[in-house]
Structure formats: structure tokens, C-alpha cells
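S.K.: Output the structure for:
(4 chains)
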Amino acid sequence: MSIRILYFGRLKDALGRGEETLDWAGGDSAALLAALRGRGDDWAEALSAGKVFRLVVNQQVVRGEVPIPDGAEVGILPPVTGG
Amino acid sequence: MSIRILYFGRLKDALGRGEETLDWAGGDSAALLAALRGRGDDWAEALSAGKVFRLVVNQQVVRGEVPIPDGAEVGILPPVTGG
Amino acid sequence: MHCLITVQQGRFDLAAEEAALRAVAGDAGALVVFQGMVRGHDAATPLAALFLEHYPGVTEAEIGRIADDAATRWPISAVRVVHRVGSLAPGEQIVLVLVASAHRKAAFAAAEYLMDYLKTEAPFWKREDFADGSSRWVDAKASDSAAAASWGG
Amino acid sequence: MHCLITVQQGRFDLAAEEAALRAVAGDAGALVVFQGMVRGHDAATPLAALFLEHYPGVTEAEIGRIADDAATRWPISAVRVVHRVGSLAPGEQIVLVLVASAHRKAAFAAAEYLMDYLKTEAPFWKREDFADGSSRWVDAKASDSAAAASWGG
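M.R.: Numbering: from 1, shown residues only, chains lettered A, B, ... in the order given. As a prediction, this is how the structure comes out:
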């Protein structure tokens, strides 16, 4: 399956990209994060469980582990600093 | 001694005047209120102790019993309803 | 702390007041504005106009005193208060309070504090002039009277 | 409840937004406005600009959701939120929140609630671009991180 991933804020700089299209075996949000962390130390560090962030799947904010449908847009959000 | 008294809000209507100059034997704020209440039932009612109001002497808000100097401007204020 | 208090019959201009406040507020990150308008249907009978009177000189001094008090409680850099008096139609502006601060919570707290004061202690009196020709002075709310009782007299 | 949310690069016009809100707010007696500006001296190094990015679509939907939530908590009649993104110089406006209500305390509470949300949960990210050429993404405050942690992921 293929999904589109969007990175925001400092994650863009840390990961060297704002978005990518990923061909992936599929799974839930935890599996996706595990796959991304497996890309190397930079990724494991930037997306570590100790760093809080939010996932948005198809423009819906999600909580906990959720399935990732084929063709999904997945936003990976670092802690927000708005207003 | 002579003082000037200003009435505000509903006191104006109840007492039929917005201001007056009063020739008075003198005394403190309690004595002034007692003298005014002595003018009749309308005055006793409008200025009764049960009705809360504020006194302002020479443009200074006062609390409790204070002396009234000769020539003073005394504002008698019903409960405020601003904003 | 910059502070300017005006009681006037005429309308005020929110945009002009905002620009003037920002010009004196320094490196403020937060501006809170309260604007009060005349409500037309507070009572069963429609309102023709709200008439406000005040105690000239005393009103401005007392509001200035409470603004200084607010500045000792919260780190605010500028305050502007405009309160209208006279006869105001439903929908018209009555009061404008602007507070600038480096911090949003300070600006919110000080603006609300000033409005509480203006509603319960500043020497303003409102008379409702109704569409049917009747009039009545607005009663102080019970909570306001309790505050008023503590002033003595 | 009338609600309009916009995220834009351009400036906003406080007076125009106030007039538009009053036009839909009905017999509202209270209007509370919060306006945030870029502070130039939050850090030791002077700021050249604050750069803000957001998550288009998600941001507007989330702010709208929280405005609806505010309307269930307080009797408010209209909400307007404008949040700017892109590169903003010190002193420039960042965010505008307007809340109209029949009651001043409801308007204050809802405006502060919306600002708390915008500061701690709405998907905006700030980068400080300093006068010396350096840049850094703003760290979330500890209290904000605690709130963020509860979102899961």
C-alpha cells in the first residue's frame, strides 16, 4: 500500500523533508511509527516515544493506535507552539 | 456654614433636585445625612440607612463617618449601575 | 504604565484606540479589548434608549485609581478606558476597555478586573427609557449592592 | 452560534472584523477581543521575524471544533478567529479572537478558552528567525507538552 506522510515544524528540519510518499506493508499507526524509527538514529531520535507528538490521519486527529488505510494522508506533528 | 450637595441617579428623581446649596450648622457625614432625613418621609425613605449609597466629599470617595468642611461639595450616590 | 481614561457623550473608534494603545504599549504581545453595547431586549418592553449619567471628575479619578491597582496586580503596560454617557440607542457602544501586556493571561485578568469595577463601583447610573414612554432607573444587582454596602456612608 | 475561522498570511483589520461580528451577533451586550502581536525581545537575541506554519484544513477544522465546544460551555452568539502564518516582523499581528455574548463573563471566559486552545493544541508551529541570522523552532512549554502527551500517538 502507499501512503502520503506530512511532517511539520522542527520535524521537517530534523528529517530533511516536509512530505513523502511511502510504499509500506501496512498496519496501524504504531507499526508506521516503528517502521519510520527503523530508518536510522536520526529518525529514532526525532520520532522517539519520549517526544510527544500527534498523528493526523486523513485530516482527523487520532488518539492511540489506529489503522492506517491505503492511500491515507498521515500528518506527524511535533508539539504545537501556536498563538 | 454652607455646603453644596449633588444628587445622582434615582436620588435626583426621588428628591426632586440634582443639586442644592445648604446652610447648615455643620458636623460630620452622619450628622448631614440625619439632617437631610429629617426633611420628611420622602427624604428619610430615599436616604434610609438600609439603602446603600456612597458619599463623596470634595471629589474624594469617603468611608464611614468623616468631617464635612465648610464650603465642601458633597456627592450623595445611590448604588451604581455602570458599564 | 500608560493609562488614559475618558468619559464622553460621543462614540469612540475602536481601531483608533487600538492603534494609540499599541503605540505606547512597548513590546506587548497581548491586547485584550472589552466593548459593551446597549442591549435592546433586556426587559419585557423594548428599549428606546439607555440614559447614563456619572459624577464628572470623580469617575475619571476612580477609574484611574483602579487601573493603577490593576497594574500592581498584573504586569500590564497600558490601559485605555472610554465610557460614554448621555442617551444611547440599542446597539450603540457604551464602554471600551483596552489592556496591553507582555502576557495574555495578565491582559485578560486586568481587563476583566476593570470591567467588574466599572459595573459595580464606578459612579455611573443607568436609566432605561422604554419605547412605550416609561422610564426607570436600573436597580443595582444584589451582588453589586453587597459590594456597595462595604463602602460605608 | 455564528463562527468563522480563517488562517491567512495577510494582515487582518480589527475594525472590519468587529463590525462584521456585531452584524451577526444579535442583541449582544458584550464583545471581547484578543489580539496577539509578535514580541521582538522574548529572547536574548533580537528577533528579525517569527515564521509560523500550520496544517491547512486540519487547523481550521480543529479551531471550529473548539469554538463549538466553547458555545456549549458559555452562552456566546458569535466567534471569529483569524490566525496568520508565514513570516511576521516584531510588532505585527499574529492572532485575532473575537467573541460576542449577551454576558460579559461568558465573552471573557470563551475568549480566554479559545486562546488557551490556540496556544496549546491548535496545529501551529513557530520558528524564531533572529537578527544574527540564526533560527530555531520554538519549544513547546512544559505545560503544553503535558497537554500534548495526552493526545496519544
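S.K.: How about residues contacting the longest helix seen in chain A?
M.R.: Longest helix of chain A, by residue count under DSSP state H: helix A:29-37. Helix A:29-37 is contacted by residues A:3, A:5, A:24, A:27, A:43-44, A:47-48, A:55, A:57, A:62, A:65-68, A:74, A:76, D:153 when judged by C-beta atoms under 8 Å, 6 or more residues apart in numbering or on different chains. In this view, the C-beta of every residue, glycine as well, is placed from N, C-alpha and C.
S.K.: Residue 49: neighbour count?
M.R.: All of this refers to chain A. Applying other C-beta atoms under 10 Å in any protein chain shown, we find 11 residues neighbouring A:Ala49.
S.K.: Please refer instead to chain C.
M.R.: 19.
S.K.: who are the neighbours of the host helix or strand of it, in terms of helices and strands?
M.R.: C:Ala49 is part of strand C:47-54, with elements assigned from DSSP states H and E. Judged by 3 or more C-beta pairs under 8 Å, 6 or more residues apart in numbering or on different chains; DSSP states H and E, strand C:47-54 is in contact with strand C:86-88, strand C:124-130.
S.K.: That one versus strand C:124-130: what angle between them?
M.R.: 160 degrees (axes from the mean of the first three to the mean of the last three C-alpha atoms, to 10 degrees).
S.K.: The longest helix of chain A: how far from the chain's middle?
M.R.: Centroid separation for helix A:29-37 versus its chain: 8 Å, with C-alpha atoms, centre = their mean, to the nearest Å.
S.K.: Is the residue of chain C most remote from its centre in a helix, a strand, or coil?
M.R.: In chain C, the residue that sits farthest from the middle, by C-alpha atoms, centre = their mean, is C:Asp132; the gap is 28.2 Å. Counting by DSSP: H, G, I helix; E, B strand; the rest coil, the backbone at C:Asp132 sits in coil.
S.K.: for chain A, what are the low-confidence residue spans?
M.R.: A:50-52, A:83 (pLDDT under 70).
S.K.: thought C:Ala67 was touching C:Leu4?
M.R.: No. Between C:Ala67 and C:Leu4 there is no contact under C-beta atoms under 8 Å: 9.2 Å.
S.K.: quick one: common contacting residues for the two?
M.R.: In contact with both C:Ala67 and C:Leu4: C:Val79, C:Val81, using C-beta under 8 Å, 6+ apart.
S.K.: Strands - which of the contacts of helix A:29-37 land there?
M.R.: Counting by DSSP state E, the part of those found in strands is A:Ile3, A:Ile5, A:Leu55, A:Val57, A:Val62, A:Val74, A:Ile76.
S.K.: List the contacts of residue 9.
M.R.: Since you didn't name a chain, this refers to chain A. Applying C-beta under 8 Å, 6+ apart, the residues near A:Gly9 are A:Leu77, A:Pro78, A:Val80, A:Thr81, D:Glu53, D:Trp125, D:Arg127, D:Trp137.
S.K.: nope, chain C please
M.R.: So, once contact is read as C-beta under 8 Å, 6+ apart, C:Gln9 ends up touching C:Arg84, C:Val85, C:Gly86.
S.K.: Repeat that for C:Val138.
M.R.: B:Thr81, C:Trp125, C:Lys126, C:Arg127, C:Glu128.
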